[in-house]
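Q: got a sequence here, can you build the structure:
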Amino acid sequence: MPTIAIILVALEHLYILVLEMFLWTKPRTRKTFGIDSKTSELSKRLAMNMGLYNGFLAAGLIWSLLHPNANIAHQVQIFFLTCIIIVQGLPAIIALTAVIATAG
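A: Just a heads-up that it's a prediction; the model follows:
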């Protein structure tokens, strides 16, 4: 269960990375975030920064799933999921709860 939850959170953050870094000024993305074309152009660099942040979160979660040491992987999962919770909430809370519940 924790692995699936972590994969879902990582995929969510990869999707957000794509929206913010590559599709920020596209009509569908502007509609998703409720911004007009002028605002999207003015905030493009900021959005790229936010996308990079989301990419690092996804990379950290993926790293935690691939790490050969289970104890370190567990700590990495807690760290990155906590970072996400601070900013983005519910999916990460569910994944973190699953990770802690399986701690041995």
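
Q: give me the contacts around stretch 31-41.
A: L19, W24, T25, T29, R30, S43, A47 (CB atoms under 8 Å, 6 or more residues apart in numbering). Where you see a C-beta, it was placed from the backbone N, CA and C, and this is true even at glycine.

Q: can you give me the first-to-last residue distance of that stretch?
A: Taking CA to CA, to the nearest Å, stretch 31-41 runs 14 Å from one end to the other.

Q: determine how far that stretch lies from the middle of the whole chain.
A: Relative to the centre of its chain, stretch 31-41 is centred 21 Å away, using CA atoms, centre = their mean, to the nearest Å.

Q: check which residues of it are buried.
A: Going by neighbour count (16 or more other CB atoms under 10 Å), the buried part of stretch 31-41 is I35, S40.

Q: off-centre distance for stretch 22-31?
A: From the chain centre to the centre of stretch 22-31 is a distance of 18 Å (CA atoms, centre = their mean).
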